[in-house]
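Enquirer: Sequence plus predicted model, see below.
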Amino acid sequence: MDIHDGKLVKFWTDIWHPIGRLIEIVGDRGRLKLGITTSACIADVLVENEWRFRRTRDTTVQNMIVKVQELGVVLETNVQDEVLWKRKDDEYGREFSAAATWEQIRCKRPVVVWSKLIWFAQGVPRYAFITWLAVKDRLSTGSKMPAWGQVQCCVFCGEPDETRNHLFFACPYSYTLWLQVIGTLLRPPPSPDWNDIVARIMARSVRSLQSILLRLAFQVSIYYLWKERNERRHGQPAKPVAQSAKFIEKTIRQRIMSTKYYEKQKLKGLMQCWFSARQP
């Protein structure tokens, strides 16, 4: 809800609006100092058009009381108090909306240019999360290990400096795997440079079938490359490129089937597009 006290929603918002919400000014302890219970209604605080607050030595609360007492508020006796949920800054409703509540409490920041590379309807959350970490360069690659007193090279090719850009996809193993997975989706074939690959994927229309498949292939490849890298570090048998590529392709096909592309106009031909890119 907008505040802690359900019966005081309009009280907290409308009455305190000129100076801000009480709960943000004095906090829950300030509510206790004022003598306002969680079950109180407006009539318990404003009696005969006079504010009834408990005396306190807290100067912050005292200053707020002075400002509140300056407000000319008259209660409408024929209107019943009710609990309302805040939707927007000046909009309230009787029904709870998780989406509206999230919009109220979340920290909003400018949309980054690569957002569509990570979050799209056909994506898978666990793949998107690892890709997000990769885009932010937050994966614990070998280049970050010296800060923790460790030294790790690339388990695929032995490169001493295992950076994000090396692992995706400058490493011969990962680059060969990437080319096998995308087939002819990118023509001419992309360079092994991370920034170039991201730029070429983002340059395509996000609504095109090729763009959907490229973003999906990008995320699944990063996820399983990172998984293969960690498994090798923990002594698991190494998978050759062909085996890893086959597993990634199967995962992508399963995801395409789960979207029920054949029932959606904008996704019709998605599987055919994928198979056509697999032709030698």
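Expert: Here it is on my side, so go on. Quantities reported herein were computed from a predicted structural model and do not represent experimental measurements.
Enquirer: Run through who's touching the helix or strand where Arg126 lies.
Expert: Element membership for Arg126 (DSSP states H and E) is helix 125-135. The set of residues external to helix 125-135 that reach it, using CB atoms under 8 Å, 6 or more residues apart in numbering, is 114, 117-119, 139, 164, 168, 198, 218-220, 222-223, 226. For glycine as for every other residue, the C-beta is placed from the backbone atoms N, C-alpha and C.
Enquirer: swap in stretch 261-273?
Expert: 122, 207, 209-210, 212-213, 253, 256-257, 259.
Enquirer: Okay, buried residues for that stretch please.
Expert: Across stretch 261-273, burial judged by 16 or more other CB atoms under 10 Å covers 261, 267, 270-271, 273.
Enquirer: per-residue confidence averaged over it?
Expert: Mean per-residue pLDDT for stretch 261-273: 92.
Enquirer: cool, stretch 145-159 as well?
Expert: 87.
Enquirer: what sits up against it?
Expert: With CB under 8 Å, 6+ apart as the test, stretch 145-159 has contacts from 142, 160-162, 166-167, 171-174, 229, 232-233.
Enquirer: mind listing which of those residues are in helices?
Expert: Residues of the contacts of stretch 145-159 located in helices (DSSP state H): 172-174, 229, 232-233.
Enquirer: of these, closest to Ile248?
Expert: Nearest to Ile248 among these, counting by CB to CB, is Ser174 at 11.4 Å.
Enquirer: ok, now which ones touch the closest one?
Expert: Listed by CB under 8 Å, 6+ apart, the contact partners of Ser174 are 156, 167-168, 221, 225.
Enquirer: Swap in 7 Å and give it another go.
Expert: With contact set as CB atoms under 7 Å, 6 or more residues apart in numbering, Ser174 has these partners: 156, 167-168, 225.
Enquirer: mind checking pLDDT for the nearest residue to Ala100 once chain neighbours are set aside?
Expert: Sequence neighbours aside, Arg87 is the residue nearest to Ala100 in space, at 4.5 Å (criterion: CB to CB, 6 or more residues apart in numbering). pLDDT for Arg87: 82.
Enquirer: Next: Trp114.
Expert: 93.
Enquirer: again with Arg109
Expert: pLDDT for Arg109: 87.
Enquirer: And for it, the neighbour number?
Expert: Using other CB atoms under 10 Å, Arg109 is surrounded by 6 other residues.
Enquirer: Just the buried residues from the contacts of stretch 145-159, in ChimeraX please.
Expert: This is the ChimeraX syntax for the buried subset of these, where burial follows 16+ other CB under 10 Å:
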select :142,162,166,167,171,173,174,229
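Enquirer: now, the most widely separated pair of the contacts of stretch 145-159?
Expert: Pro172 and Arg233, at 18.3 Å, using CB to CB across the contacts of stretch 145-159.
Enquirer: quick check: domain ranges of the protein?
Expert: Domains of the chain are assigned by automatic domain parsing as 6-105, 115-277.
Enquirer: and those domains, which is most packed in?
Expert: Stretch with highest mean neighbour count among the domains of the chain: domain 115-277 (a mean of 16; mean count of other CB atoms under 10 Å).
Enquirer: Show the end-to-end separation of that domain, please.
Expert: 25 Å (CA to CA, to the nearest Å).
Enquirer: Centre of the chain to that domain, how far?
Expert: Domain 115-277 sits 20 Å away from the centroid of its parent chain (CA atoms, centre = their mean, to the nearest Å).
Enquirer: How about the contacts made by the most far-flung residue of the chain relative to its centre?
Expert: What lies farthest from the middle of the chain is Glu48; by CA atoms, centre = their mean that is 48.8 Å. Residues in contact with Glu48 (CB under 7 Å, 6+ apart): none are found.
Enquirer: Also the one 4 residues further on?
Expert: When the contact criterion is CB under 7 Å, 6+ apart, the partners of Arg52 are Val45.
Enquirer: just Lys246 next, same as before
Expert: Neighbours of Lys246 in contact, by CB under 7 Å, 6+ apart: none.
Enquirer: Are we agreed that it is in a helix?
Expert: Yes. Lys246: assigned to a helix according to DSSP: H, G, I helix; E, B strand; the rest coil.
Enquirer: Adjust the sequence numbering to begin at 778 for everything that follows.
Expert: Sure, I'll start numbering at 778, so the last one becomes Lys1023.
Enquirer: roughly how far apart are it and Lys1004?
Expert: 15 Å (CB to CB, to the nearest Å).
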